[in-house]
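Student: What follows is a predicted structure for the sequence shown.
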Amino acid sequence: MNFFIPQSSDQDQMERIYGRIQQRLQRMEYGPFYERVYQLVYRRNGHLLVDTVGDLCPISKETVIAILRNDRGFLICSYSCGAVGGEPIVINEGVVESVTLFDK
């Protein structure tokens, strides 16, 4: 899967948006970031959940804009959870069932 940001019009805009999300999260002391994640399958409260960039997040009920990997695990970002406002949804490595990365 090629990297994308939902509702962006071209590659330059995608990179700008992704860069702004990274900068915002770094100011919140979530950096550094390692991989661009397309899909994350994990367990939460006994349920198997799937977050995919471009789809609705089962937790925030908003479109997933980006999923980033760092030392804490995975950061799921929607508009009000990490991308523009609020904290990202943090998923620890220990509960992750599978990870699908964007193509390099």
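Tutor: Sure, I can see it.
Student: the helices in this structure, which residues?
Tutor: Taking DSSP state H to define them, one finds helices in the chain at 11-27.
Student: Point to the residue nearest the middle of it.
Tutor: Centroid-nearest residue in the chain: residue 67, 1.5 Å away (criterion: Cα atoms, centre = their mean).
Student: Quick check: closest non-adjacent residue to that one.
Tutor: residue 37 (3.8 Å; Cβ to Cβ, 6 or more residues apart in numbering). For the C-beta atoms, the positions are set from N, CA and C on the backbone; glycine is no exception.
Student: does the nearest residue to residue 72 once chain neighbours are set aside have beta-bridge partners, and which?
Tutor: Spatial nearest neighbour of residue 72, chain neighbours left out: residue 90 (5.9 Å); criterion: Cβ to Cβ, 6+ apart. Residue 90 has these beta-bridge partners by DSSP bridges: residue 75.
Student: mind checking pLDDT for residue 90?
Tutor: pLDDT for residue 90: 97.
Student: just to revisit the earlier point, please list all residues in contact with the residue nearest to the centre of the chain.
Tutor: Residue 67 makes contact with 36, 37, 38, 39, 40, 51, 53, 74, 75, 76, 77, according to Cβ atoms under 8 Å, 6 or more residues apart in numbering.
Student: so it bridges to which residues?
Tutor: residue 37, residue 76.
Student: Centroid-wise, who is the farthest residue in this structure?
Tutor: Outermost in the chain, Cα atoms, centre = their mean: residue 46 at 21.3 Å.
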